[in-house]
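Asks: A structural model of the following input is requested.
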Amino acid sequence: MDFQEPFTDQELQMIDAIEASYTKKRLSRADHTREARLRTDRYLPSSLLASPSSSSFSLTPCQANLRMKYQPLSFGGQILYSKTSTEVQKAAVELLQFLEVKKKETGQVAIGFDIEWRPSFKRGVLPGKAAVMQICGDTSHCYVMHIIHSGIPPSLRSLLEDSSVLKVGIGIVNDATKIFNDYDVSVKGVNDLCYRANKKLGGSFKKWSLASLTEMLLCKELPKPNKIRLGNWEANVLTKAKLQYAATDAYASWHLYQVLESLPDLVEDAAD
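Replies: Here you go, the predicted model:
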């Protein structure tokens, strides 16, 4: 049986050291890249740059304070954790009811969507099945479902296969593929924030990560500690730290989608 134990503290420290070394080298080149990054503002609508009060956010601080350490983004609402098939079924029913109400109010609705699984960096050892699924549809509630234990019950399958519910995230097509391969469920209505951001922000194509897009649009840091990110997502019960990490990722995706939707489509504007 191909099974990899969770990373040891020593292995995680080695990974942290490698990433810290890379970050140090990247920061040493900041003076040479700062001017190029600041050019991003010429692709943004002047109204956003000149009048922060015209929107619920402002891009100006992110552009003007590139060296400033941003405050961490953290989901501050209620995290609803479900583990058994019955619990996940009930959580998905609640979500479907909530989304039906939102559809009547606003039309198509969007949810932040992400998954976690046990990684593998060893040749011949496959990554684990998708172990955790996190979904967020507003600022007050995020659902964290421990699907490695529950599987995907009927109500959750219905939600995932409903194309009228837009699932948004970074690399979400890959997540949808993994869910299909692991659980034989087709996730429909997916929208990758990376492509959405490139279309909205203009300029040359950039491969955004969730963290980099969070810094760009929200002036917040999205914490990605290896001890959590590469930890044991197949554990019997998720820790509070893992629940917070999972919920914050889904919330970041939902929030970023709202911000991007409030921006004009620069590609279409240029074509008009």
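
Asks: can you tell me the element residue 89 falls in?
Replies: Using DSSP states H and E, residue 89 maps to helix 85-106.

Asks: hmm, I was thinking of residue 195
Replies: Per DSSP H and E, residue 195 falls inside helix 193-201.

Asks: what residues of that helix count as buried?
Replies: Going by neighbour count (16 or more other CB atoms under 10 Å), the buried part of helix 193-201 is 193, 194, 196, 197, 198, 200, 201. Every C-beta, even on glycine, is put in place using the N, C-alpha and C of the backbone.

Asks: and the first one, how far from residue 223?
Replies: Put plainly, it is residue 193. Residue 193 is 18 Å from residue 223, where distance means CB to CB, to the nearest Å.

Asks: measure how buried the residue nearest to residue 153 when sequence neighbours are not counted is and give me the count.
Replies: Closest residue to residue 153 apart from its sequence neighbours, by CB to CB, 6 or more residues apart in numbering: residue 89 at 4.0 Å. Neighbours of residue 89 under the rule other CB atoms under 10 Å: 19.

Asks: list the residues that contact residue 89.
Replies: Neighbour list for residue 89: 153, 154, 155, 156 [criterion: CB atoms under 8 Å, 6 or more residues apart in numbering].

Asks: can you list these in a markdown table and add distance to residue 147, neighbour count and pLDDT?
Replies: Listed next are the contacts of residue 89 as a markdown table, based on distance: CB to CB, whole Å; neighbours: other CB atoms under 10 Å; pLDDT from 0 to 100:
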| residue | distance to residue 147 | neighbour count | pLDDT |
| --- | --- | --- | --- |
| 153 | 9 | 21 | 98 |
| 154 | 13 | 11 | 98 |
| 155 | 13 | 17 | 98 |
| 156 | 8 | 27 | 98 |
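
Asks: quick one: the helices in the stretch 51-200 of the chain, in order.
Replies: 60-64, 85-106, 147-150, 154-160, 172-183, 193-201 (DSSP state H, counting those that start in this stretch).

Asks: select the longest strand from the protein.
Replies: With secondary structure taken from DSSP state E, the chain has its longest strand at strand 109-117.

Asks: so what's residue 258 up against?
Replies: residue 110.

Asks: distance check, it against residue 229.
Replies: Separation of residue 258 from residue 229 (CB to CB): 25 Å.

Asks: got it, and residue 253?
Replies: Taken as CB to CB, the span from residue 253 to residue 229 is 16 Å.

Asks: which one of these two is surrounded by more residues?
Replies: residue 253 (27 against 16).

Asks: now that the more buried one has come up, it's in contact with residue 209, right?
Replies: No. With contact defined as CB atoms under 8 Å, residue 253 does not reach residue 209; the gap is 11.6 Å.

Asks: now the common contact residues for those two.
Replies: residue 170.

Asks: so where's the stretch 1-150 of the chain uncertain?
Replies: 1-68 (pLDDT under 70).

Asks: contacting residues for the residue nearest to residue 207 when sequence neighbours are not counted?
Replies: If you skip the residues right next to it in sequence, residue 207 has residue 194 as its closest partner in space, 6.4 Å away by CB to CB, 6+ apart. If you count contacts by CB under 8 Å, 6+ apart, residue 194 has them with 170, 171, 206, 207, 208, 213.

Asks: what number of residues lie near residue 141?
Replies: Look at residue 141: counted by other CB under 10 Å, it has 19 neighbours.

Asks: all set now, cheers.
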